[in-house]
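Colleague: Build the 3D model from these lines:
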Amino acid sequence: MSIASDLIRGHTDTIILAQLLQGDSYGYQINRAIEVKTNGKFGLKEATLYTAFRRLEELGWIISYWGDETTGARRRYYSITELGRENYYRLLREWELSREIIDQLVRTDRSL
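Modeller: Residues are numbered from 1 along each chain as shown. Model (predicted):
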């Protein structure tokens with residue numbers, strides 16, 4: 001079963017920032033980590049991923065730089081900034097509150 005992208009779409013920034021908290025990375029590697037963590041149930045489309053990178057960089061939440069690979073294509077790496085860390089934790093708190101509210105709204109006495 002795959003997760004409906006509508007459910008997760010509003011949390012793309014949080015998901016990307018969470019990956020970058022673990023260390024600098026590049027697009028394919030970030031998306032692969034997401035797919036592995038979700039056992040293949042979720043992945044970001046390339047256009048969505050790179051649009052999010054541009055937005056996050058414009059906000060000052062991440063910075064990018066070119067890697068120094070000696071073989072293969074050069075990769076653009078992304079790194080979370082202090083402002084990005086602060087906003088990740090804010091977004092995480094918002095997610096946790098939203099999850100609690102949604103749980104209350106969709107559960108019935110019979111589903112408990």
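
Colleague: Pull the distance from the longest helix seen in the chain to the chain's centre.
Modeller: Longest helix in the chain by number of residues (criterion: DSSP state H): helix 82-106. The chain centre lies 13 Å from the centre of helix 82-106; the measure is Cα atoms, centre = their mean, to the nearest Å.

Colleague: Which elements pack onto that helix?
Modeller: helix 12-21, helix 46-59 (3 or more Cβ pairs under 8 Å, 6 or more residues apart in numbering; DSSP states H and E). Heads up, the C-betas are built off the backbone N, CA and C, glycines and all.

Colleague: Could you single out the most deeply buried of these?
Modeller: helix 12-21 (a mean of 20; mean count of other Cβ atoms under 10 Å).

Colleague: Report how far apart the opening and closing residues of stretch 38-49 are.
Modeller: 16 Å (Cα to Cα, to the nearest Å).

Colleague: Residues contacting the longest helix of the chain, please?
Modeller: With Cβ atoms under 8 Å, 6 or more residues apart in numbering as the test, helix 82-106 has contacts from 11, 13-14, 17-18, 20-21, 56, 59-62, 80.

Colleague: sorry, back to before: any chance of the helices and strands packed on helix 82-106 in TSV, plus distance to residue 97 and mean pLDDT?
Modeller: Formatted as TSV, the helices and strands packed on helix 82-106 follow (distance: least, Cβ to Cβ, whole Å; pLDDT from 0 to 100):
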stretch	distance to residue 97	mean pLDDT
helix 12-21	13	97
helix 46-59	21	96
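
Colleague: is it possible to export these to TSV including distance to residue 100?
Modeller: Below are those laid out as TSV (distance: least, Cβ to Cβ, whole Å):
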stretch	distance to residue 100
helix 12-21	16
helix 46-59	25
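
Colleague: Of these, which is nearest residue 29?
Modeller: Comparison of the helices and strands packed on helix 82-106 against residue 29 by Cβ to Cβ identifies helix 12-21 as nearest, at 8.5 Å.

Colleague: Helix or strand next in line after that closest one, which one?
Modeller: Following helix 12-21 in sequence order, the next helix or strand is strand 25-26 (DSSP states H and E).

Colleague: Report all helices and strands that that following strand contacts.
Modeller: For strand 25-26, the packing partners by 3+ Cβ pairs under 8 Å, 6+ apart are strand 76-80.
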